[in-house]
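[1] Could you look at this predicted model? Sequence included:
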Amino acid sequence: MTKCPVCGVKLGKKIPEFCNICGWDTGEDFTLSPGLYQPDEEDRLRYIRRLDNAKKNWSYRIKLEKKLAEKPKEVIKEVIVEKFVEKEVIREVVIEKIEEQSNPQTNMVLVEKGKNEAGVMEASYYIGKYQVTQKEYKDVMGYNPSSFEDCENHPVEQVTWYDALEYCNKLSKRDGYKVAYSITKIARRGNNITKAKVIIKDGANGYRLLSSNEWEYAARGGNKSKNYKYSGSNNIDEVAWYYENSGNQTYPVGVKKENELGIYDMSGNVWEWCFDTINVSSRVLRGGSWCYGAYGCGVDYVLDGNPGGRRGSVGFRYARTK
């Protein structure tokens, strides 16, 4: 019987798209389905790194669950009540912000050039105040790939790096900007792009992904940085949805405290694709997510991701050159 390489649960005769216990993308794991594709050496090294990170995170989750199980029943009951109340508050906040999030041209923050712990930023740029939501994605792309369904104001997830680029181009065309990317030789799996040739277009003023350095500079608060550990606070629960407070789900964007620039969710909720290459063929992911530990939500933490892979904890936000 085939087992998940992360948590060890039996998967059954038919390999599911994702492990329903730990969330590992078993459907794209070439070690579980040898006929899926033939990985090269770069793919194998990337797989080993991803698997190692996933195992560490799973171990962290198991230890946390054991700690919670050791608490007295009355304490556990109090935690559940607090989360229920928190969700009620979330619904009220979301109603106030839906209209603002529906217009990307007013939904951006100017990040002015300057210096912080991320380094020197020589040019100013615009960044999305929120992670791209399921509603925004569906309005532009015509479908919603997310694993958390009927949550239109939650961040979109299950998007590949290529999907994020295609979204940016389509949004640029809709809003009258010059597209940032040339995307050709496209291969798809369902709606998702799994492989393509990408070239940055000269002179473009359209929506695009952030570079990893731009992401960290903004997450740290730009030239208004107070040098927090997480984006907007040293107290992670003020600014992030992560494993210890998420209840194993995403949440509406813009609910937690914003950072020094007024940007939300740069720590937690979902990982965010950046444009940069890391470890030869992988792409950079920043910010942590609902199913990751606190360490992954730090403004300096970097994870590598398969640009053609989909995960229920990965989304993105867009930027534009000033």
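    Structure received.
[2] Please count neighbours and contacts with C-alpha atoms only from this point.
    Fine.
[3] Now do the domain split for this structure, please.
    Per automatic domain parsing, the structural domains of the chain span 1-66, 102-321.
[4] any idea how far the last one is from the chain center?
    Pointing back at domain 102-321 there. Distance, stretch centre to chain centre, for domain 102-321: 6 Å (CA atoms, centre = their mean, to the nearest Å).
[5] what are the ranges of the helices in the stretch 151-300 of the chain?
    Assigned by DSSP state H, counting those that start in this stretch, the helices in the stretch 151-300 of the chain fall at 161-175, 212-219, 236-239, 243-246.
[6] could the ones you listed go into JSON lines alongside mean pLDDT and distance to residue 314?
    What follows is the helices of the stretch 151-300 of the chain, written out as JSON lines (pLDDT from 0 to 100; distance: least, CA to CA, whole Å):
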{"stretch": "helix 161-175", "mean pLDDT": "97", "distance to residue 314": "9"}
{"stretch": "helix 212-219", "mean pLDDT": "98", "distance to residue 314": "15"}
{"stretch": "helix 236-239", "mean pLDDT": "96", "distance to residue 314": "18"}
{"stretch": "helix 243-246", "mean pLDDT": "91", "distance to residue 314": "14"}
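[7] Can you tell me which of these is most buried?
    helix 212-219 (a mean of 24; mean count of other CA atoms under 10 Å).
[8] which stretches of the stretch 1-150 of the chain have low pLDDT?
    Scanning the stretch 1-150 of the chain for pLDDT under 70 picks out the ranges 17, 20, 23, 27-28, 35-37, 57, 60-61, 64-106.
[9] where does residue 54 fall, helix, sheet strand or coil?
    helix (DSSP: H, G, I helix; E, B strand; the rest coil).
[10] Hmm, residue 6 and it touching each other?
    Yes. In this structure residue 54 lies within contact range of residue 6 using CA atoms under 8 Å: 6.5 Å.
[11] so what sits against both of those two?
    Here residue 54 and residue 6 have residue 24 as joint contacts, going by CA atoms under 8 Å, 6 or more residues apart in numbering.
[12] State the distance from the nearest residue to residue 170 once chain neighbours are set aside to residue 320.
    Nearest residue to residue 170, sequence neighbours excluded (CA to CA, 6 or more residues apart in numbering): residue 140, at 6.7 Å. Distance of residue 140 to residue 320, computed by CA to CA, to the nearest Å: 17 Å.
[13] All the strands of the stretch 151-300 of the chain, in order from the start?
    181-189, 192-200, 207-208, 271-278, 282-286 (DSSP state E, counting those that start in this stretch).
[14] more crowded one of residue 140 and residue 320?
    Taking neighbours as other CA atoms under 10 Å, residue 140 and residue 320 compare with residue 320 leading, 23 against 16.
[15] Wasn't that one part of a strand?
    Yes. Residue 320: assigned to a strand according to three-state DSSP.
[16] Next up, the contacts around it.
    125-127, 205-208.
[17] What of residue 158?
    Counted by CA under 8 Å, 6+ apart, residue 158 has contacts 145-147, 310-315.
[18] Would you tell me which one of the strands of the stretch 151-300 of the chain is buried the most?
    Most buried of the strands of the stretch 151-300 of the chain, by mean neighbour count (mean count of other CA under 10 Å): strand 207-208, with a mean of 28.
[19] tell me what that strand is packed against?
    helix 161-175, strand 319-321 (3 or more CA pairs under 8 Å, 6 or more residues apart in numbering; DSSP states H and E).
[20] Show me what the mean pLDDT comes to for it.
    Mean per-residue pLDDT for strand 207-208: 98.
[21] Need the contact partners of it.
    Applying CA under 8 Å, 6+ apart, the set of residues contacting strand 207-208 from outside is 165, 168-169, 171-172, 177, 179-181, 318-321.
[22] For those, give me a markdown table that also has distance to residue 268.
    A markdown table is the format used below for these (distance: CA to CA, whole Å):
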| residue | distance to residue 268 |
| --- | --- |
| 165 | 21 |
| 168 | 22 |
| 169 | 26 |
| 171 | 25 |
| 172 | 27 |
| 177 | 30 |
| 179 | 29 |
| 180 | 27 |
| 181 | 27 |
| 318 | 16 |
| 319 | 19 |
| 320 | 22 |
| 321 | 25 |
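[23] before we move on, back to that, dump the helices and strands packed on strand 207-208 to TSV, plus distance to residue 14.
    Output for the helices and strands packed on strand 207-208, formatted as TSV (distance: least, CA to CA, whole Å):
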stretch	distance to residue 14
helix 161-175	27
strand 319-321	40
